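Undergrad: The sequence isn't on hand, but the structure is:
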Ligand SMILES: C[S@@+](CC[C@H](N)C(=O)[O-])C[C@H]1O[C@@H](n2cnc3c(N)ncnc32)[C@H](O)[C@@H]1O
């Protein structure tokens, strides 16, 4: 996965530039399923006030901890956590899910999103970095073939799928109608779009699409 997730179009730099990380100041990011922490390390290096908690499975965390640059030891932490269970880090500013949901079917992706809810404070952001399937005929045949191949591969390997923008909006809304989809960016050269969802608090009304 480290090989895959640092390949062309998947470099951490797209995440670094694709969200207003400076807006959260000394805040905390929880990098859910963050593997060896390449994205969190890049974020911590670019934004010296940020704190990142990288969560993954026990074996992954064990190796990842040994590779953390020492100068980041006070701002990047690793934690074992199963993302199907309740999120233990409460009240973080951002819960980042990069390349986590696309290899799970809707039923499981919804469980992953719902497991975040007990931890969310008013204004917490859920930042989801994933491929957004293009409308048929809107990109080159070459790009379209790559997207559709990935979609089929997800079905074959994981009974999952790549999602178009309506699928993503429906997924967040089905997970909980209080999730507010704020929009997405497609950084140039990035295979993954950056979708922003926020949590308006427990009393908020149904899902609203702002842009
Ligand atoms: C496709 S990789 C993405 C890694 C990283 N977010 C990135 O973008 O480079 C999916 C990650 O989810 C982790 N993972 C799989 N099942 C998990 C679970 N139940 N709880 C926590 N992490 C899990 C894997 O170990 C892997 O690191």
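TA: Done, it's in. Computed from a prediction, not measured in an experiment: that's the story for all the values here.

Undergrad: same question for stretch 98-115, mean pLDDT?
TA: If you average the pLDDT over stretch 98-115, you get 96.

Undergrad: Could you show which parts of this structure are in contact with the ligand?
TA: Counting by Cβ under 6 Å from any ligand atom, the chain comes close to the ligand at 1, 5, 33-35, 38-39, 56-57, 60, 81-84, 98-100. Any C-beta I mention is one placed from the backbone N, CA and C, and that applies to glycine too.

Undergrad: Tell me the spacing between residue 180 and residue 120.
TA: 11 Å (Cβ to Cβ, to the nearest Å).

Undergrad: Need the overlap of contacts for the two.
TA: Here residue 180 and residue 120 share the contacting residues residue 199, scored by Cβ atoms under 8 Å, 6 or more residues apart in numbering.

Undergrad: all strands for this structure, in order.
TA: Assigned strands in the chain, in chain order: 28-32, 51-56, 76-80, 94-98, 125-130, 132-133, 163-164, 180-185, 193-198 (criterion: DSSP state E).

Undergrad: Of all the helix elements in this structure, which one is longest?
TA: Looking across the chain with DSSP state H, the single longest helix is helix 141-158.

Undergrad: The closest residue to residue 67 other than its chain neighbours and residue 150: what is the separation?
TA: If the residues on either side of it in the chain are set aside, residue 67 comes closest to residue 36, at 6.1 Å by Cβ to Cβ, 6 or more residues apart in numbering. Residue 36 sits 22 Å away from residue 150 when distances are taken as Cβ to Cβ.

Undergrad: Which residue of the two possesses the greater neighbour count?
TA: residue 36 (22 against 16; other Cβ atoms under 10 Å).

Undergrad: you'd agree the more buried one is up against residue 65?
TA: No - counting by Cβ atoms under 8 Å, residue 36 does not reach residue 65; the two are 9.3 Å apart.

Undergrad: coming back round to it: what's near enough to touch the residue nearest to residue 67?
TA: 2, 54, 60, 63, 64, 67.
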